Structure formats: C-alpha cells, structure tokens
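Q: quick one, structure for this:
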Amino acid sequence: MTANEKQVACSRPIAVINQLVHSLGLQISKVSTVAYSEDYQYTYNNYLFQVHLAVPATSSSFPDLQPGTAPAPSDGITSLLIKLSNGAAEANITNRVENDVAAQYLVRKSMARAGLGSLIPAVYAWAPAKIQADAGADATTNENNFEKVLQQIATILKAIQDAELPETVIKFGGLTFNLTGQIISGEPPRWKQDPVETYVDWKFGDLRKLMQKAGESPVIQGWKHNGVGARVEKFHAAGGPETVLSNLDQHQKCLIHGDFVTAILDFDWCTVSNPFDEFLLSLYDIGCNITYGQTKTDMALLSGDFTRPPTLAQDKEENWDMAEMWNGAMEKAGAASPCKIQGASQIYDMLRLKRLLCPHHLSNASALAKMDGKTRAEVRAKTEADIIQWLEKHGL
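A: You can find the predicted model right below:
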C-alpha cells in the first residue's frame, strides 16, 4: 500500500470517529493517531486514535454497562482512546471485538492484583465488528537500564499468564460473550475456526490440510517421491501427534496476548492456548521469541541452560546475551518460561514437522518464481531429508 493509499485509508476511520463521538453527544477538540505511520508497509490490524474532548464525558455519555466494561469516573474524562478494527486486515471478525474486550478485561484484573492496573485502560463501550462497502525496545540502551526494562516486561508477562479464565472458558480458541454477558469460549481472531477441546486439535488439527496443500504444489507434490507422504500419513493415522505430546497436559490453558511487547494496549490477537504459545507469537521486538530454527538460543530458552557454547558465532552473541537476561528476568518475576512449561520441547518438535510439510517458499507461486529450477530442487531435497530425519527420530 502506498503512502497516499494509507492516508486515504486512515481518513475513513477519522470520519467514523467523528460520527461516533457526536452520536454520544460529545464534542471533539482534537483527534490524533496513535502508533501509526504512513511508511509502515503492511496493513494495520486496527486504527487507534486519541480523542480529546471539549467537555468531559461521564458515565451517562455511554450506553448501559456492557460485558467487559467499566463505568466512567464520576469526575468525568477529558480524552478517550478509540480503536477501530480494519476491515481490510486478514482476520476473523466473528467475535473479534468481543475477544479483544474480554481479553483486556481479564488482563486488567490480573494487572490490578499485581499492582500494575494503570498500564491497561478500562473499556467504557464497544460494538461488534461489521463488514463495511509503539516502537520496540532500543537495543542500544545501556545494559542496566535494559535489564530494568526486561524485568518490567517479565512482570507484565507474569500478570498476563496469571489472568484468571472464567469457568465458562473451557476450550482453546478465542473469547466472546454469551447472552447473559458471561465470557465464554469463541472463535480465534486470526482465522475461522470453532474452539476445540484439546491442544493437539488446536495446534495440529490441520496437518492433513497442510498435506493437501503440499499436494497442490508442483514442487512438493505431496512428498510422494520416496514414499515420504505415505509415512507422514501413517504417523498421523496412528495418533502420532498425541504420542509426541503425551507428556503435555492437553487441557492446560491460559490467556495468550499474541502480540506482546509490540503493543500492550492491543489485545486484537489474544487467544486461549498453552502458555508456550506466547513465546512463539510474541517478544520478537526484543529478539527473545522462539524461532523454530533449532538455533542455539532456542535450545537454551527451552532447556534453561545458558552455558555459552564455544561455537557461538560472533554475530549471535548479542542475541544470546539478550535471551539470557530475559530468561533471568522471567525467573525473578516468577513467570512461566519455556524451560518451566511442561511439554514445551515436544511442542517445539511437532511444530518443526508442521513447518516442514508445506513451507511457504515451496508452496507459494511468488516465492517459487524467485528461484531457478536448480535451487528449487536443492531446497526441496533438503526439506525432504529433514522430514525423513524427523520421522526416523520418531520410529517411522
């Protein structure tokens, strides 16, 4: 999207903001965007605005108290943060706003118990999404200050992990509200899917679909060569995912922010899942996420052993030091780190197979067009060898 297109796209939400605020009987003195840049090359999931009011709003300015909301302060409020979902973003809008509000409500309660309530704003009103015709931490900060930043991040992560899920949230997926205003299990925000009972179904229930997609690739061809595809099917039919994850509590679940560090105000991608998922989906701003690449840093985070390997490349030393500081900060805060999450290594192992079955660079037409025939053949052969090695490791 060009800068001009972004400017036009952003002007539409501002018009909606004006209409919305005026419909509440309020007067706007100033509207400004939050965490928005015309130079950002991707589609925004939502638009966030700060609205300064000419006259303070009170609880009477908003609809009757909705699920997940709080009454406005008795002395009124002079500014609001208003978030509008971007209909052009690739997301599941079935209960997208409800999921966002419910997650923010639960985390705010947990933050308040941890003495961090002021970090998460209260929600005064919301409406379901309808179809319509902050910067990361600076790695140059001095080490002492950055350790303090990491410690605060770890404390916030602990509060998110400790957010109490209501007894009515019994499945993996997203959150929504029932007719009586209770928070219940709902569809996830990123894709269309019913909530499911177990983690295997949630994370690996799409293995056969991936194999079908791999069969559509002119390069992968379903891994039929050398019978690899048949071996994968045999693994799946024999309950392989359940066997690999037999050490995992299939029903352990907590709230996953899904975009943590980038924007704690943004609960757009929140899900209910195993706590390990947070380390797969978040923390990339500080270089402390799990990357699937079987890197030395991944292995250290999974094991908790940060004995510096003698073969650590010089260009990886900074990332290693950052991950070690982060691991220490989590331990000090009492947060569940990857090495403390039961079955994390097995989840990591299964995710490796999942990523090998239908990798983007071998199944996407645009990605394939960037490689010549020789390169495609070499990449395919390497990926097939990795799948075979994985299967042999698991007795197939």
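Q: show me where pLDDT drops low in this structure?
A: 1-12, 130-146, 261-265, 315 (pLDDT under 70).
Q: how is it carved up into domains?
A: Annotated domains of the chain cover 3-90, 174-393 [automatic domain parsing].
Q: and those domains as JSON lines, adding distance to residue 127 and mean neighbour count?
A: C-betas here are computed from N, CA, C, even on glycine. Shown next, in JSON lines, are those (distance: least, CB to CB, whole Å; neighbours: other CB atoms under 10 Å):
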{"stretch": "domain 3-90", "distance to residue 127": "9", "mean neighbour count": "14"}
{"stretch": "domain 174-393", "distance to residue 127": "12", "mean neighbour count": "17"}
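Q: show me where the stretch 151-300 of the chain has strands.
A: 174-177, 183-186, 254-256, 271-273 (DSSP state E, counting those that start in this stretch).
Q: name the nearest residue to the spatially most central residue of the chain, sequence neighbours excluded.
A: Geometric centre of the chain, nearest residue: residue 258, 2.1 Å, by CA atoms, centre = their mean. Nearest residue to residue 258, sequence neighbours excluded (CB to CB, 6 or more residues apart in numbering): residue 269, at 3.4 Å.
Q: ok, back up a step: now distance to residue 193 too, for the strands of the stretch 151-300 of the chain, in CSV please.
A: CSV is the format used below for the strands of the stretch 151-300 of the chain (distance: least, CB to CB, whole Å):
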stretch, distance to residue 193
strand 174-177, 9
strand 183-186, 10
strand 254-256, 15
strand 271-273, 10
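Q: a markdown table for the domains of the chain, including distance to residue 155?
A: Formatted as a markdown table, those follow (distance: least, CB to CB, whole Å):
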| stretch | distance to residue 155 |
| --- | --- |
| domain 3-90 | 22 |
| domain 174-393 | 5 |
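Q: shouldn't residue 368 be in contact with residue 220?
A: No: contact criterion CB atoms under 8 Å: residue 368 and residue 220 do not qualify, at 10.1 Å.
Q: anything in contact with each of these two?
A: Residues touching both residue 368 and residue 220 by CB atoms under 8 Å, 6 or more residues apart in numbering: residue 362.
Q: quick revisit: spit out the contact partners of the residue nearest to the centre of the chain.
A: Contacts for residue 258 (CB under 8 Å, 6+ apart) come out as 268-271, 277-278, 281-282.
Q: please report the distance of it from residue 319.
A: Distance, residue 258 to residue 319, by CB to CB, to the nearest Å: 22 Å.
Q: go on, residue 72?
A: For residue 72, the distance to residue 319 (CB to CB) stands at 45 Å.
Q: swap in residue 27?
A: Distance of residue 27 to residue 319, computed by CB to CB: 50 Å.
Q: next: residue 148.
A: Distance of residue 148 to residue 319, given as CB to CB: 20 Å.
Q: so which helix or strand takes in the closest residue to residue 226 other than its chain neighbours?
A: Nearest residue to residue 226 in three dimensions, chain neighbours excluded: residue 384, at 7.0 Å (CB to CB, 6+ apart). If you go by DSSP states H and E, residue 384 is part of helix 373-393.
Q: any idea how far that helix is from the chain center?
A: 29 Å (CA atoms, centre = their mean, to the nearest Å).
Q: what does that helix contact?
A: Residues outside helix 373-393 that contact it (CB under 8 Å, 6+ apart) are 219-220, 223, 225-226, 228, 231-232, 235, 352-353, 356-357, 359, 361-362, 368, 371.
Q: go on, stretch 272-280?
A: Here stretch 272-280 has contacts from 157, 160-161, 165, 169, 171-175, 185, 195, 199, 202-203, 248, 252-258, 260, 271, 288-290, 292, 301, 336, 338, 341, 343-344, 347-348, 351, using CB under 8 Å, 6+ apart.
Q: can you check stretch 43-56 too?
A: By CB under 8 Å, 6+ apart, stretch 43-56 touches 1, 10, 13-14, 17, 21, 26-36, 75-86, 88-91, 265-266, 268-269.
Q: repeat for stretch 108-120
A: 104, 107, 121-122, 155-156, 158-160, 162-164, 264-265.
Q: cutoff 7 Å now
A: For stretch 108-120, the external contacting residues (CB atoms under 7 Å, 6 or more residues apart in numbering) are 104, 107, 122, 155-156, 159-160, 162-164, 264.
Q: check stretch 152-172 too.
A: Counting by CB under 7 Å, 6+ apart, 106-107, 109-111, 114, 116, 119, 175, 182-185, 195-197, 199, 202, 253-255, 257, 260-261, 264, 272-273, 275, 329-330, 332-336 sit against stretch 152-172.
Q: so who does the closest residue to residue 191 other than its chain neighbours touch?
A: Computed as CB to CB, 6+ apart, the closest residue to residue 191 that is not its neighbour in sequence is residue 92, at 5.5 Å. Residues counted as contacts of residue 92 (CB under 7 Å, 6+ apart) are 187-192.
Q: tell me how far the most far-flung residue of the chain relative to its centre lies from residue 82.
A: Using CA atoms, centre = their mean, the residue of the chain lying farthest from its centre is residue 55. It sits 37.3 Å away. Separation of residue 55 from residue 82 (CB to CB) stands at 17 Å.
Q: go on, residue 287?
A: 32 Å.
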